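*Asks:* please find the sequence and the predicted model below.
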Amino acid sequence: MGNLAAFLLALAIVGIVFEMLRRKKLREKYAALWLVVGIGTLVLAAFPRLLTIVAELVGVQLPSNLLFIISILLLLGVCLHLSWEISVVEDETRTLAEEVAIMRALLEQLQTAETAEDDTSTPSGPK
Amino acid sequence: MEIHDSTRVLVIMPAWNEAESVGDTVREVLGVGGPYDVLVVNDGSTDDTAALAAEAGATVLNLPFNLGVGGAMRAGFKYAKRLGYRQVIQVDADGQHDPRNIGEVLAGLEHADISIGARFAEKGEYIVSGPRKWAMQFLAKVISGLAKTRLTDVTSGFRAANDRAISQYLDHYPAEYLGDTIDSLVVAIRSGCKVTQIPVAMRPRQGGTPSHNPAKAAVYLGRSTFALLFALTRKRSTIPSVSSSAQEAS
């Protein structure tokens, strides 16, 4: 019974990721990881014996502990990846902000120069 | 949109809610009568900083949100590079830097790429104490060793740069806390920029409130060490040397 619940949960995750991907709510580079996780859970839920076999092979006494270790490492990796991505995004935003500010300043200079030309006076310069 | 007179100097003034003093500071700099264009980088202020600066005769760079001093300076350097300025100098909008010293600090560029207006070198009575002082002394010592010249005030924001230093800054000018002083300086030195210092006196702030208290000072000590350690392990920038840029021109 518990196996069925786990299987349904994994199926739901895969379904949600797939749907988000289809609606372009999730970029492929993030989706790939979640699909791997979802499918892995699906396989484990379908064949619970697999976890016990792997745990024995690796030398972990409790199969559930193996599951926890894998989950913790995976979540750590995801967090690190997101921090890295947000740093990149922040940097890009900063560059954009600089660019926008410079363009606005140059545009304003052009405009004042234009109005000054109409008045046949000199544009704003050193005093 | 390039300026054609390459002898002009861009005075970059990062300003965040400095409405009280920015107008007077800009007027004072322009009043000195040097070949200075003033660029106020309005770092997402919520007061009239931008309008008052423009009224006083400065060009204003309006950043859409607050980026910090480092971010504001980076925008200023980018503007300087794009308009072809060969020399820039950073001056605080709160009036602590005396505009009459600008010429002296710029003169330091004759034999260096970065010239720092230093507060503790014999002139003035700018005094700090406790952990903040230790941090400043420690940083000065380490960075002096790196730069192979005696520097006493490496966290001073009153600093000039020539076009080599501007190119280096554009490659690496961190916007993080203290990045604009320690980190940028250390990476500039390691990338081959020459640094010198000019003694100047600091004036009391003309407006606003100072950001000093003992707890902050202690945090400052830790953070500055942290910033220094990181800066020491960063990648060097490749900047055009004087000779190679001359070869490119020929």
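*Replies:* Cool, got the structure.
*Asks:* low-confidence ranges in chain A?
*Replies:* Chain A contains residues with pLDDT under 70 at A:1-2, A:120-127.
*Asks:* contact residues of it facing chain B?
*Replies:* A:94, A:97-102, A:104-106, A:109-110, A:124, A:126-127 (CB under 8 Å from any CB of the partner chain). Where C-beta positions appear, they are placed from N, C-alpha and C, glycine not excepted.
*Asks:* so how do I select the buried members of those in ChimeraX?
*Replies:* Buried members of the residues of chain A next to chain B, defined by 16 or more other CB atoms under 10 Å in any protein chain shown, are picked up in ChimeraX with:
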select /A:94,97,98,101,102,105,106
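*Asks:* in terms of secondary structure, what does the lengthiest helix in chain A contact?
*Replies:* Longest helix of chain A, by residue count under DSSP state H: helix A:63-118. Counting contacts by 3 or more CB pairs under 8 Å, 6 or more residues apart in numbering or on different chains; DSSP states H and E, helix A:63-118 packs against helix A:28-46, helix A:49-58, strand B:59-63, helix B:68-83.
*Asks:* could you dump the ones you listed into CSV with mean neighbour count and distance to B:Thr181 added?
*Replies:* Below are the helices and strands packed on helix A:63-118 laid out as CSV (neighbours: other CB atoms under 10 Å in any protein chain shown; distance: least, CB to CB, whole Å):
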stretch, mean neighbour count, distance to B:Thr181
helix A:28-46, 15, 36
helix A:49-58, 13, 50
strand B:59-63, 24, 19
helix B:68-83, 23, 9
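*Asks:* nearest to B:Phe230, out of these?
*Replies:* Across the helices and strands packed on helix A:63-118, B:Phe230 has its closest neighbour in helix B:68-83 (13.7 Å, CB to CB).
*Asks:* and after that closest one, which helix or strand comes next?
*Replies:* strand B:87-90 (DSSP states H and E).
*Asks:* that next one close to chain A?
*Replies:* No - residues of strand B:87-90 are not located near chain A by CB under 8 Å from any CB, the shortest gap being 14.2 Å.
*Asks:* distance from the chain centre to stretch A:105-120, please.
*Replies:* Counting by CA atoms, centre = their mean, to the nearest Å, stretch A:105-120 is centred 44 Å from the centre of its parent chain.
*Asks:* buried stuff in that stretch?
*Replies:* Neighbour count says stretch A:105-120 has A:Ala105, A:Leu106 buried, by 16+ other CB under 10 Å.
*Asks:* on the three-state scheme, B:Lys235 is what?
*Replies:* What DSSP: H, G, I helix; E, B strand; the rest coil gives for B:Lys235 is coil.
*Asks:* so out of everything in chain A, what residue is nearest chain B?
*Replies:* In chain A, the residue that lies nearest chain B is A:Glu98 (4.0 Å; CB to the nearest CB).
*Asks:* can you give me the distance of the nearest residue to that residue once chain neighbours are set aside to B:Val195?
*Replies:* Excluding the flanking residues, the one nearest A:Glu98 by CB to CB, 6 or more residues apart in numbering or on different chains is B:Ala75, at 4.0 Å. B:Ala75 sits 23 Å away from B:Val195, going by CB to CB, to the nearest Å.
*Asks:* same question for A:Lys29.
*Replies:* Distance of A:Lys29 to B:Val195, given as CB to CB: 42 Å.
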